[in-house]
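**Student:** sharing a model prediction with you, sequence too.
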Amino acid sequence: MAALKSGASGPRVSALQELLRQRGFDPQDADGQFGPGTDTAVRAFQSSVGLTADGQAGANTFAALQSAGVTSNIRPDMVFPLFPGASRANIQFQLPSILKALSQSGLADKHMVLMALGTIRAETAGFEPIDESPSPFNTPPGGPEFSLYDHKSDLGNQGPPDGANFRGRGFVQLTGRANYTQFSRALGLGTQLVDQPEMASDPALAAQLLAAFLKDKEQRIRTALAANDLATARKLVNGGSHGLADFTDAYNRGLALIPDTVQVQVS
């Protein structure tokens, strides 16, 4: 997700201001304008949680604001070895939102936590919600970005600009109008994700989407994991074998690091 900074405006700034207020950091105005008061509040909050106080509200700042009150016996130092390409800060600040979403979906047990972590490793190795980038798989040479997705009926897309609007986002890389529609409803958001697809990159919502996606296929995933059939478990999320090696590596490393009994408390 793009970081918000001084001069920004709009609904995301309003949401940031409300989160700051809830955490006791008064931005002075709740007008959707990222002015001096919001800048000061952001820097003060960042300092309080150990983030670089640069006044830019990016994914880790939002995640830290959104995941207050989450504690678990799964610590960042247990997860870090599963993500050799990720920064420690990303794991420290994004992990609580992931655990909170899994707990609220009834998925906070060792194997489903490992399923979620393996999925993140395969989809967004840096342990942060990301937007899909243009590639030969989604963009023709010299053509509009993501236009190869525009008419993909298996994604529910209906033509331009659906390919770009509903490109992969978040931790699970939610892709296609059909998935945005289904999981917007599943999370009680009505059509918000269809109307504002960029919301899928918000850290807390990206974590909820990951949990909802796994919940939707929970029984088949659990059956595959019980048989140690990691290829099938991965295919249930990805539809193929892309990222299988990374998924398998993270899952197997986690078996020795994640507690057998997972505890997540949300206050």
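**Tutor:** Great, that's in hand. Values in this document were obtained by computation on a predicted structure and should not be read as measured data.
**Student:** from here on, just use CA atoms for contacts and neighbour counts.
**Tutor:** Fine.
**Student:** tell me the SS of the residue positioned nearest the centre of the chain?
**Tutor:** Closest residue to the average C-alpha location of the chain: Ala206 at 3.1 Å, with C-alpha atoms, centre = their mean. Using DSSP: H, G, I helix; E, B strand; the rest coil, the structure places Ala206 in helix.
**Student:** just checking, it touches Gly170?
**Tutor:** Yes. Counting by C-alpha atoms under 8 Å, Gly170 is a contact partner of Ala206 at 4.8 Å.
**Student:** who touches both of the two?
**Tutor:** Common contacts of Ala206 and Gly170 (C-alpha atoms under 8 Å, 6 or more residues apart in numbering): Pro129, Ala200.
**Student:** tell me the contacts of the residue nearest to the centre of the chain?
**Tutor:** Shown here is Ala206, whose contacts under the criterion C-alpha under 8 Å, 6+ apart are Pro129, Arg169, Gly170, Phe171, Val172, Ala200.
**Student:** how near is it to Ala256?
**Tutor:** Applying C-alpha to C-alpha, to the nearest Å, the value for Ala206 to Ala256 is 27 Å.
**Student:** if we can go back for a sec, give me the pLDDT for the residue nearest to the centre of the chain.
**Tutor:** Looking at Ala206, its pLDDT reads 97.
**Student:** ok, the residue nearest to Arg88 when sequence neighbours are not counted - contacts?
**Tutor:** Using C-alpha to C-alpha, 6 or more residues apart in numbering and skipping the chain neighbours, the partner closest in space to Arg88 is Phe80 (6.7 Å). When contacts are counted by C-alpha under 8 Å, 6+ apart, Phe80 touches Ala86, Arg88, Ile91.
**Student:** so the last one touches Met78, yeah?
**Tutor:** This points to Ile91. No. With contacts counted by C-alpha under 8 Å, Ile91 stays clear of Met78, the gap being 10.0 Å.
**Student:** need the strands for this structure, in chain order.
**Tutor:** Per DSSP state E, the chain carries strands over the ranges 70-72, 130-131, 169-170, 264-266.
**Student:** who does the third one touch, helix- and strand-wise?
**Tutor:** It refers to strand 169-170. Counting contacts by 3 or more C-alpha pairs under 8 Å, 6 or more residues apart in numbering; DSSP states H and E, strand 169-170 packs against strand 130-131, helix 203-216.
**Student:** columns distance to Arg12 on top of these, output as JSON lines?
**Tutor:** As requested, these are exported to JSON lines (distance: least, C-alpha to C-alpha, whole Å):
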{"stretch": "strand 130-131", "distance to Arg12": "17"}
{"stretch": "helix 203-216", "distance to Arg12": "13"}
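**Student:** so which of those comes closest to Leu107?
**Tutor:** Ranking those by their distance to Leu107 (criterion: C-alpha to C-alpha) puts helix 203-216 first, at 7.5 Å.
**Student:** buried residues in that closest one, which are they?
**Tutor:** For helix 203-216, a neighbour-count test (16 or more other C-alpha atoms under 10 Å) marks 203-215 as buried.
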